[in-house]
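Enquirer: sequence unknown, structure follows:
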């Protein structure tokens, strides 16, 4: 149990060491850059609030990824699912003005979830019924979603003056109100935390969660156990997409209030790093998302004061994923077993990409 | 019009085919490398940086090969030696390459946004062949990388299907335990496959900067590595099939520019989405992984 908490920290420390080498190669001071990152992320009250705001979409996409990965379904498409969810929310949002606040909120969030569920569900259906690898299909669906967003903000959903490539603002009734004023902490964050708890219960305390994890460990054995893999595949992908889509709707409802191109800076990909730092545990997603939200937030200050481009955050994401995978491999456990004779923990990420369906 | 379209289709198909042929070698050995997007991006950046600062285009190609090999070496250590999940590793490698090329691009070329142009790789018209009407300009008036790529198609088919080395490669992808028992060295063969693929994918990236855009922009590969992955599936793990699928996708990309230029009322985003949507439709139709190597994606560890 200790190692499951210690491993991510050790991985982050090693990532920081490697980043320092990259920074030295760039002629920058690692200490200065990390200080700027920390200052930008937690330097004052507003920075802290902004970090939380920037973490929120990562909780939704991180949960989406961790749920799918737990079932060895490699959903690389949380970004597209979030985008389609945002489009659905942004399309319906301006028309909810005459409804009571609670109902308007419920509708806009449901629309986002539905949009994401469709996008994830397509990939799930293709995998379950047409034997199309979900890795490829979700990546392709990401590209299609990006173009769909670009099209709607230049076309059917463009604001009436047609001066800017954005959609009309959503109705006030459909905006998640700001609580804890003057901060921007809102109901979206609370929803994210509730969803994380619900995912934890689903994954570890229900029959469906057991089936999902069984599928992740060994698809063939799960079949012999009587688990209907195709139906489960479709449901998991749709649910995963729904959570990413909900994240998109929350972003539109609470923060952006309208659609524009490049709404997501890559939350669906960053989510993979979030999910792995959390070792696919839904409760771990919240601190992991806060960590990466802080990185995103701090990167602006890093660029301003240290002249390092914000792409450094992607270098950190990539390194963190690789290091965690390297720490987590059964190859090490096997070695440890040979030396100490201790049984090894199962790796958090199922090591097998593809099992032939029985 | 037709001539320009077909020429453009061959040009657009080349980097995809080059990367797909590299991926084919890797997949025959039993490994799926989603990181080819990253290796392509690294190759594209290294090619531009080396060609720009040395002033010699051929050195740019060498830089691209080195970058592709380096990115694949990171992938190989994790996937081949440490036996970790190939899909997640490949995704991380792609994110890492996107970040590294972005950071180093801004560092080397400043943040001015000014384009840093290099001279394109010279075209080599193939003598009288290039003067054949239509076929000449479409097929025989390209740079050396295009010829290399299309010559690689039969060459790779022969190596994989007809030689002892190809047999060893396929043994690692079909039954790694059996290959290991025969003393074939699964680890070494998978490493070799990844290094060859790294070189080809790096060159595919170089094609983008040195033959196509003549400059570098962030994320210049724009998903071509991922398209190459689906080309391997659509092409049924056969280099001839890969060539056909690449030309199909190349044509879809060329069509996008042609129709945009015609100024049709259809939104341009539809054409930008076309290659990816086409991939989905083709995969849904052709579906299946039935032709894939049996042990594809499974890490191999000696018990």
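Expert: Perfect, thanks for sending it. The structure displayed is predicted, hence computed values, not measured ones. Residues are numbered from 1 along each chain as shown, chains lettered A, B, ... in the order given.

Enquirer: show me where the stretch 251-358 of chain A has helices.
Expert: If you assign secondary structure with DSSP state H, counting those that start in this stretch, the helices in the stretch 251-358 of chain A sit at A:267-277, A:282-306, A:312-328, A:330-340.

Enquirer: now for the third one, which elements pack on it?
Expert: Yep, that's helix A:312-328 we're talking about. helix A:2-25, helix A:267-277, helix A:282-306, helix B:86-109 (3 or more CB pairs under 8 Å, 6 or more residues apart in numbering or on different chains; DSSP states H and E). (C-beta placed from N, C-alpha, C; glycine too.)

Enquirer: same question for that helix, mean pLDDT?
Expert: Across helix A:312-328, pLDDT averages out at 86.

Enquirer: then the first one?
Expert: Regarding helix A:267-277, the rounded mean pLDDT is 91.

Enquirer: list the contacts of that helix.
Expert: A:8, A:11-12, A:57-58, A:61-62, A:64-66, A:69, A:76-82, A:142, A:244, A:247, A:284-285, A:288-289, A:291-292, A:296, A:317-318, A:320-321, A:324-325, A:348-349, B:88, B:91-92, B:95 (CB atoms under 8 Å, 6 or more residues apart in numbering or on different chains).

Enquirer: what's the answer for stretch B:133-153, then?
Expert: B:2-3, B:6-7, B:10-11, B:14, B:17-18, B:21, B:61, B:120-126, B:129-130, B:132, B:200, B:203, B:206-207, B:211, B:239-240, B:242-243.

Enquirer: list the ones among the residues you listed that fall in helices.
Expert: Mapping these onto helices (DSSP state H) picks out B:2-3, B:6-7, B:10-11, B:14, B:17-18, B:21, B:61, B:200, B:203, B:206, B:239-240, B:242-243.

Enquirer: and the residues you listed, which are buried?
Expert: B:6-7, B:10-11, B:14, B:17-18, B:21, B:61, B:200, B:203, B:206, B:239, B:242-243 (16 or more other CB atoms under 10 Å in any protein chain shown).

Enquirer: out of the residues you listed, who's nearest chain A?
Expert: Closest approach between these and chain A, by CB to the nearest CB: residue B:242, at 14.8 Å.

Enquirer: what is the neighbour count of the closest residue to the closest one other than its chain neighbours?
Expert: Once flanking residues are discounted, residue B:242 sits nearest to residue B:235: 3.7 Å by CB to CB, 6 or more residues apart in numbering or on different chains. Neighbourhood size, residue B:235 [other CB atoms under 10 Å in any protein chain shown]: 23.

Enquirer: show me the shaky parts of the chain.
Expert: Just so you know, I chose chain A. Chain A contains residues with pLDDT under 70 at A:1-4, A:178-184, A:330-358.

Enquirer: look at chain B instead
Expert: Filtered on pLDDT under 70, chain B yields the residue ranges B:111-115, B:258, B:260-264, B:287-290, B:303.

Enquirer: where do the helices of it begin and end?
Expert: B:2-28, B:36-54, B:57-76, B:86-109, B:135-139, B:144-162, B:164-174, B:176-181, B:186-206, B:224-234, B:239-262, B:268-286.

Enquirer: distance check, residue A:211 against chain B.
Expert: 21 Å (CB to the nearest CB, to the nearest Å).
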